[in-house]
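Trainee: I'll drop the sequence and a predicted model, then ask my questions.
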Amino acid sequence: MKTARIYQRPKNAMQSGRARTDLWMLEFEPRIAQQPDPLTGWNGGGDTSNQVRIGFPTLEAAKAHAEREGYAYHVVPAPERKLKLQAYADNFR
């Protein structure tokens, strides 16, 4: 049985916008560890389920999909948003 992780997409650290942070993602956890390729040294494996990511508009929709397909799942809570309030004058102190 596949185990899925449901989480809310975090804000992109390289940009200030919050586009698509309201989506909930369902992705599968790896069943076996990746092993280095003897020729190239790159990590890899035969399990392609870790490449699947499905987006949902709500947490309930993601849970319903996992239950309907028979996946075991756990929900990773969304991180709290921290506001850093500062004035323009604080840049010159």
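Mentor: Cool, got the structure.
Trainee: Worst mean pLDDT across the helices and strands of the chain, which element?
Mentor: Across the helices and strands of the chain, mean pLDDT, DSSP states H and E gives its lowest value to strand 43-44, namely a mean of 86.
Trainee: partners of the helix or strand following that one, with directions?
Mentor: Secondary structure here is assigned by DSSP states H and E; on that basis, the next helix or strand after strand 43-44 toward the C-terminus is strand 53-56. Partner strands for strand 53-56, per DSSP bridges, with pairing direction: strand 24-28 (antiparallel).
Trainee: what sits up against the partner strand?
Mentor: Where contact means C-beta atoms under 8 Å, 6 or more residues apart in numbering, the residues beyond strand 24-28 that reach it are 2-9, 49-50, 52-59, 61-62, 65-66, 71, 73. Yep, even glycine has a C-beta here, placed from its N, CA and C like the rest.
Trainee: hmm, 7 Å instead?
Mentor: 2-9, 49-50, 52-56, 58-59, 62, 65-66 (C-beta atoms under 7 Å, 6 or more residues apart in numbering).
Trainee: Look at the closest residue to Pro79 other than its chain neighbours and tell me its secondary structure.
Mentor: Distance criterion C-beta to C-beta, 6 or more residues apart in numbering; nearest residue to Pro79, sequence neighbours excluded, is Pro10 at 6.6 Å. State at Pro10, reduced to three classes by DSSP: H, G, I helix; E, B strand; the rest coil: coil.
Trainee: Number of residues surrounding Pro10?
Mentor: As a burial measure, Pro10 scores 10 neighbours (other C-beta atoms under 10 Å).
Trainee: And for Ala62?
Mentor: By the other C-beta under 10 Å criterion, the neighbourhood of Ala62 contains 23 residues.
Trainee: cool, Arg5 as well?
Mentor: When counting by other C-beta under 10 Å, one arrives at 14 neighbours for Arg5.
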